[in-house]
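Trainee: 3D, please:
(2 chains)
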Amino acid sequence: EAQVTQNPRYLITVTGKKLTVTCSQNMNHEYMSWYRQDPGLGLRQIYYSMNVEVTDKGDVPEGYKVSRKEKRNFPLILESPSPNQTSLYFCASSFEGPLPDTQYFGPGTRLTVL
Amino acid sequence: SQELEQSPQSLIVQEGKNLTINCTSSKTLYGLYWYKQKYGEGLIFLMMLQKGGEEKSHEKITAKLDEKKQQSSLHITASQPSHAGIYLCGADIRRDDKIIFGKGTRLHILP
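Mentor: Numbers count the residues shown, from 1 in each chain, chains lettered A, B, ... in the order given. You can find the predicted model right below:
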């Protein structure tokens, strides 16, 4: 089954404790992206990757890092999480690039930073 | 101001009724995406509109793109409980190959 998986689905952590949210897709997609969704602000892009070893900032990259060492994986790294990074995070992928016919989204990771 | 405005922000309708959600852009629309999100879950792609006047349907959901008005409308006919969720529109209005999303419209269906 074609899908985007994220782990963990739920995470509660404390300020300053480094964490990684994994994202994996099994569709051989070139383009992958991370979004955060917040009440009143909607869905905003954090980082995206056009292909392996190619990453770029989205609209809200501060406080986040990403890497794309393999085509299927695109982890989101929070080196020193802060409470303002409490949010619902989504990973997405597509075959054709940022403006595809279909962009597949993961199920989401709900992060709480205390 | 918001680049993509969705209206209404929330909507409560009786099962079986029709409804319309609008997505209005502050800039020219070159393509628009509609997604549905069940509460707390991921987004499901519904459809993409690329040309002015284009209309697409997915089951009982129909979307249109009006380039002149810089607006897209999503219409649900004979709503069902399964239609409940958050509907988001997205578009590349900055022409930088990134999709900007509206804040979403929360739809509740009353039995």
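Trainee: Sketch out the low-pLDDT regions of the chain for me.
Mentor: Just going to use chain A. Scanning chain A for pLDDT under 70 picks out A:97-101.
Trainee: wrong one, chain B
Mentor: Ranges of chain B meeting pLDDT under 70: B:1.
Trainee: what residues does it put near chain A?
Mentor: Applying C-beta under 8 Å from any C-beta of the partner chain, we find that chain B lies next to chain A at B:31, B:33, B:35, B:40-45, B:48, B:88, B:90, B:92, B:97-99, B:101-104. Bear in mind the C-beta positions are built from the backbone N, C-alpha and C, glycine included.
Trainee: Just the buried subset of those, please.
Mentor: Among the residues of chain B next to chain A, those buried by neighbour count (16 or more other C-beta atoms under 10 Å in any protein chain shown) are B:31, B:33, B:35, B:41-43, B:45, B:48, B:88, B:90, B:92, B:98-99, B:101-104.
Trainee: In strands, which of those fall?
Mentor: B:33, B:35, B:43, B:45, B:48, B:88, B:90, B:101 (DSSP state E).
Trainee: Can you name the residues that contact residue A:64?
Mentor: A:34, A:46-47, A:76-78, A:85 (C-beta atoms under 8 Å, 6 or more residues apart in numbering or on different chains).
Trainee: One more: residue A:81?
Mentor: A:13-19, A:63, A:111, A:113.
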